[in-house]
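J.: Generate coordinates for the sequence data below:
(one chain, ligands or ions: 2)
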Amino acid sequence: MSTVNYSEKIPNNVNLSEDRTLQRALEHWQPGFLNWWQDMGPDGSINYDVYLRTAVSVDPSGWAQFGYVKMPDYRWGIFLNPADKDRKIHFGDHLGEAAWQDVPGEHRANLRRIIVTQGDTEPASVEQQRHLGLTAPSLYDMRNLFQVNVEEGRHLWAMVYLLHRYFGRDGREEAEALLERRSGDSNNPRILGAFNEKTPDWLSFFMFTYFTDRDGKFQLCALAESGFDPLARTTKFMLTEEAHHMFVGESGISRIVQRTCEVMNQLKTDAPDKLRAAGAIDLPTIQRYLNFHFSVTIDLFGADQSSNAAIFYSSGLKGRFEEGKRTDDHLLKGATYRLLDVSGGALVEKEVPMLNALNEVLRDDYIKDSVAGVQRWNKVIEKAGIPFRLKVPHKAFHRQIGTLAGVKVSPEGNVVSEAEWNARKDEWLPSEADRAFVASLMGRVVEPGKFAHWIAPPAMGINRQPVDFEYVRFN
Ligand SMILES: [Fe+2]
Ligand SMILES: [Fe+2]
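T.: Ligands and ions are numbered 1, 2, ... in the order given. Predicted structure coming up:
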């Protein structure tokens, strides 16, 4: 069950060879995917040999192998966690019924929409990151970028498999459309806002993998609870890969912070202009990037009150984070939840039916999780003896979606006038000048074991290889 025949065109543990129609549909989609990778995958990387991890099974004790791969030859496989034949739906109106092995007709449109929305984020992030290989601060970092990229490609495969296998012709059409939309394209953009933003530099990339890949984690965790069993099993396995993406972000920011603190202590200054002149990214700039990525990412959870969220939950399509560990009735009919509202220009708390607030519930779980890593960055600053602390901005800061989009709020959570917002937004969000400064630091470092000046080396390498391992070979 868990080993994969790598001589097949599409590695899989779903007995693809026994379903000729499906196999042909996927083999038909594959060249389009490879064309997309050539056009929109990492810029100029086609011939590089990259030390990559490839998923080869779902066995927790050895699911991946490492080796040099040219990225177009990466084996994007289809893997589902093992089935539990007794699995029951454990929330919503179908509570206690057997999990679905097929798509129930009445939930078909909603399930397709959920899968397409998740699937669309995967190629979008590859598109957003496609120029970053040209300015990687080391071979180690370049390899990590490419690892994230190929795995997002595999996540696209995972969603396309579900569309082809369970949704017939309209599933195939959606799978084609996933290769046609483009991040940031005004005519045919990706579905969600944060996936149409640019990821222009490595500070943005690390913030993105820390904050936005973590949104991925929470969405996947909610889908891993789904009553539609193939979706639950697929997303569970995707989470295995997602952990590394968030590690790349957390450790990347940590290493930038570490280098900045070293330079602050050497020069005995916290003046941003002096630190910038010395080639380090000052902590207030890091805070502004954090504010930006945090706020655009929490928008991804959707409107604070949503009848769709209620339907997805009550239908058994999408659970809460760690649904199985919660001890309430898993129906939530009479339950309420407190969320923020705007009244007379001020933020107030308001109690609403929990079913309608499930986007907010997931967003709040996400916020708790993301704060923990920020505290670990602060440990690095504290250890260096520097009084500055990073923090996540208030939930209402810089929101574009839901009730809070209608009000201007400072990172501390104070409602401000339009005039004050305009006067102070460059204190709170990266300015053109900040972005230009960060861009000015970006330059490719290709000597094994060497790192750009603005970032500290990692404590250790990948897969127990040394830090100065030749993670990427150029041809
Ligand atoms: Fe992903
Ligand atoms: Fe990811």
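J.: Give the residue farthest from the middle of the chain.
T.: Lys268 (36.8 Å; C-alpha atoms, centre = their mean).
J.: ok, now how distant is the residue in the stretch 151-300 of the chain positioned nearest to ligand 1 from Leu239?
T.: Using C-beta to the ion, the closest approach of the stretch 151-300 of the chain to ligand 1 is made by His155 at 3.7 Å. (C-beta placed from N, C-alpha, C; glycine too.) Distance, His155 to Leu239, using C-beta to C-beta, to the nearest Å: 10 Å.
J.: Repeat that for Asp364.
T.: Taking C-beta to C-beta as the measure, Asp364 falls 20 Å from Leu239.
J.: looking at it, Asp468 is touching Pro448, isn't it?
T.: Yes: with contacts defined as C-beta atoms under 8 Å, Asp468 counts as touching Pro448 at a distance of 4.7 Å.
J.: which residues touch Glu420?
T.: Shown in contact with Glu420 (C-beta atoms under 8 Å, 6 or more residues apart in numbering): Lys408.
J.: what does the stretch 51-200 of the chain put close to ligand 1?
T.: The stretch 51-200 of the chain comes close to ligand 1 at residues Glu122, Glu152, His155, as judged by C-beta under 5 Å from the ion.
J.: do that again at 8 Å, thanks
T.: Residues of the stretch 51-200 of the chain lying close to ligand 1 by C-beta under 8 Å from the ion are Thr121, Glu122, Ser125, Glu151, Glu152, His155.
J.: Likewise for the stretch 201-350 of the chain?
T.: Close to ligand 1, as judged by C-beta under 8 Å from the ion, the stretch 201-350 of the chain has residues Asp213, Gly216, Leu220, Met238, Glu241, Glu242, His245.
J.: between these, which is closest to Gln287?
T.: The closest of those to Gln287 turns out to be Asp213 (C-beta to C-beta; 20.2 Å).
J.: What about the nearest residue to that closest one once chain neighbours are set aside, how many residues nearby?
T.: Take Asp213 and drop its neighbours on the chain: the residue closest to it by C-beta to C-beta, 6 or more residues apart in numbering is His245, 4.1 Å away. Residue neighbour count, defined by other C-beta atoms under 10 Å, stands at 23 for His245.
J.: Distance check, His245 against Arg214.
T.: Using C-beta to C-beta, one obtains 9 Å as the distance from His245 to Arg214.
J.: now do Leu162
T.: Per C-beta to C-beta, Leu162 is found 23 Å from Arg214.
J.: before we move on, what about Glu180?
T.: For Glu180, the distance to Arg214 - C-beta to C-beta - is 28 Å.
J.: Of the two, which one has the most company?
T.: Counting neighbours by other C-beta under 10 Å for Glu180 and for Arg214 shows that Arg214 has the greater number, 21 against 10.
J.: in what helix or strand does Gly252 lie?
T.: helix 229-267 (DSSP states H and E).
J.: same question for the following helix or strand past that helix, mean pLDDT?
T.: Counting by DSSP H and E, the next helix or strand C-terminal to helix 229-267 is helix 272-277. For helix 272-277, mean pLDDT is 98.
J.: Give me the residues contacting helix 272-277.
T.: Against helix 272-277 from outside (C-beta under 8 Å, 6+ apart): Thr260, Val263, Met264, Leu267, Thr269, Ile281, Asp282, Pro284, Thr285, Phe437.
J.: Generate a PyMOL selection restricted to the buried entries among these.
T.: Selecting only the buried entries of these in PyMOL, with 16 or more other C-beta atoms under 10 Å as the criterion:
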select buried, resi 260+263+264+281+282+285+437
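J.: Save the contacts of helix 272-277 as CSV, and put in distance to ligand 2 and pLDDT too.
T.: CSV is the format used below for the contacts of helix 272-277 (distance: C-beta to the ion, whole Å; pLDDT from 0 to 100):
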residue, distance to ligand 2, pLDDT
Thr260, 26, 98
Val263, 31, 98
Met264, 32, 98
Leu267, 37, 98
Thr269, 37, 98
Ile281, 24, 98
Asp282, 29, 98
Pro284, 28, 98
Thr285, 25, 98
Phe437, 28, 98
